[in-house]
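[1] following is a predicted model, sequence given first.
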Amino acid sequence: MPLQTVAIIGAGPAGRAFALRCAAAGLDVVLEDVMPSNLRRAQDDYADLARSGSAGSLRYALTVEDAVHSADIAVDFVPDELESKLEIFSLLDRMAPPRTIFLTPLGSLSITDLASCTYRAGLCVGLRGDLVVRSWFVESGVIAEVLGFLGRIGVVATVVEDVQEVQLVKNLVRS
């Protein structure tokens with residue numbers, strides 16, 4: 001079954017743009033941010049999209065729990081620093097349904113490291129631009145679901161292995 005309900009955590013410029021892209025593709029989007037002003041900006045942006053008549057739904061949540069309670073996929077737009085990512089992964093892991101896939105934009109962090117801190121390491125996927133970053137934990141069908149989701153919103157992605165994980169294995173093989 002295709003991913004339909006998207007929880008987006010973080011309504012800064014990148015999170016808002018991603019939410020609007022998902023809504024424009026006809027997806028049901030729930031957007032959460034700790035800053036009400038970010039949600040107001042998203043509401044204004046969505047009003048323009050909704051007038052075009054082709055938008056999916058976009059609703060707003062005041063808590064992470066409200067945002068993810070029925071999500072098929074959760075995408076976070078928190079800062080790319082270890083403490084922030086670990087905190088959001090911990091919250092998502094506790095509050096999202098067991099089937100929810102975690103998709104996280106990455107800079108220098110390792111999806112393998114982040115996934116290993118959850119009870120659903122097989123459902124955690126990284127995103128670096130148009131690269132889908134898979135850890136060695138990820139379940140086989142999850143990558144296909146993520147690629148289908150990204151394709152639906154107009155992103156043509158290539159799958160790559162987590163660089164840090166690959167480097168770790170190479171180092172182990174050498175020793």
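    Perfect, I can see it now. Numbering: from 1, shown residues only.
[2] so what touches the longest helix seen in the chain?
    As assigned by DSSP state H, the longest helix anywhere in the chain is helix 36-51. Residues lying outside helix 36-51 but in contact with it, judged by CB atoms under 8 Å, 6 or more residues apart in numbering, are 10-12, 15-16, 19-20, 23-24, 31, 33, 55, 58, 60. Bear in mind the C-beta positions are built from the backbone N, C-alpha and C, glycine included.
[3] give me the most central residue, this structure.
    Centroid-nearest residue in the chain: V75, 2.0 Å away (criterion: CA atoms, centre = their mean).
[4] returning to that earlier point: now, the contacts of helix 36-51 that are in helices?
    Those of the contacts of helix 36-51 lying in helices (DSSP H): G15, R16, A19, L20, A23, A24.
[5] buried subset of the contacts of helix 36-51 as a PyMOL selection?
    Paste this into PyMOL to select the buried members of the contacts of helix 36-51, with burial taken from 16 or more other CB atoms under 10 Å:
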select buried, resi 10+11+15+16+19+20+23+24+31+33+55+58+60
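[6] closest one of the contacts of helix 36-51 to V68?
    Among the contacts of helix 36-51, L31 lies closest to V68 (CB to CB), at 11.5 Å.
[7] from N38, how far off is the closest one?
    9 Å (CB to CB, to the nearest Å).
[8] where do the contact lists of these two overlap?
    A11, G15, R16.
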